[in-house]
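# Sharing a sequence plus its predicted fold:
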Amino acid sequence: MNSVLYLYYSVCYVDVEVNSGLSLGELLAFWTGADEVPPCGFEDYLQIQFFSCTGSERRLPTASTCSLVLWLPRNISEPQCMWSLLYDAVNMSGGFGKI
């Protein structure tokens, strides 16, 4: 459980732009569909959930923009690896209005 909390901390409380190469707006757009916080805020809390991978499997983070959930892989031991996966997930997604 400590590794999950450490990973959560590394994603939520460190400088997104320095560590991932993503702007906070890009990460927020991937997570919520909006690249900035609406003037009245979001209707619900932003959530982070974790999923498990088997063996050496590496899966990219995903997001549910309707329910405001960011899904992160659980068995990543290094924050920089997580940032790299997050960067790839954001940049490989079609995004809103890009289809």
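Yes, it's here.
# Report the secondary structure state of residue 87.
Three-state assignment for residue 87 (DSSP: H, G, I helix; E, B strand; the rest coil): helix.
# how deep is it tucked in, by neighbour count?
18 (other CB atoms under 10 Å). The way it works is simple: take the backbone N, C-alpha and C, and place the C-beta from them, glycine included.
# From what I see, residue 33 and residue 46 are in contact.
No: applying CB atoms under 8 Å as the test, residue 33 and residue 46 come out as separate, 11.8 Å apart.
# Start and end of stretch 33-43, how far apart?
One end of stretch 33-43 to the other measures 13 Å (CA to CA, to the nearest Å).
# Buried ones in it, by neighbour count?
Across stretch 33-43, burial judged by 16 or more other CB atoms under 10 Å covers no residue at all.
# Could you do stretch 46-58 as well?
Across stretch 46-58, burial judged by 16+ other CB under 10 Å covers residue 48.
# With stretch 72-86 instead?
72, 73, 75, 76, 79, 82, 83, 84, 85, 86.
# Next, count neighbours for the spatially closest residue to residue 93 that is not a sequence neighbour.
Computed as CB to CB, 6 or more residues apart in numbering, the closest residue to residue 93 that is not its neighbour in sequence is residue 30, at 6.2 Å. Residue 30 has 22 neighbouring residues, counting by other CB under 10 Å.
# Can you verify residue 30 is assigned to a helix?
Yes: assessed with three-state DSSP, residue 30 lies in a helix.
# can you pull the contacts of it?
63, 70, 89, 90, 93, 95 (CB atoms under 8 Å, 6 or more residues apart in numbering).
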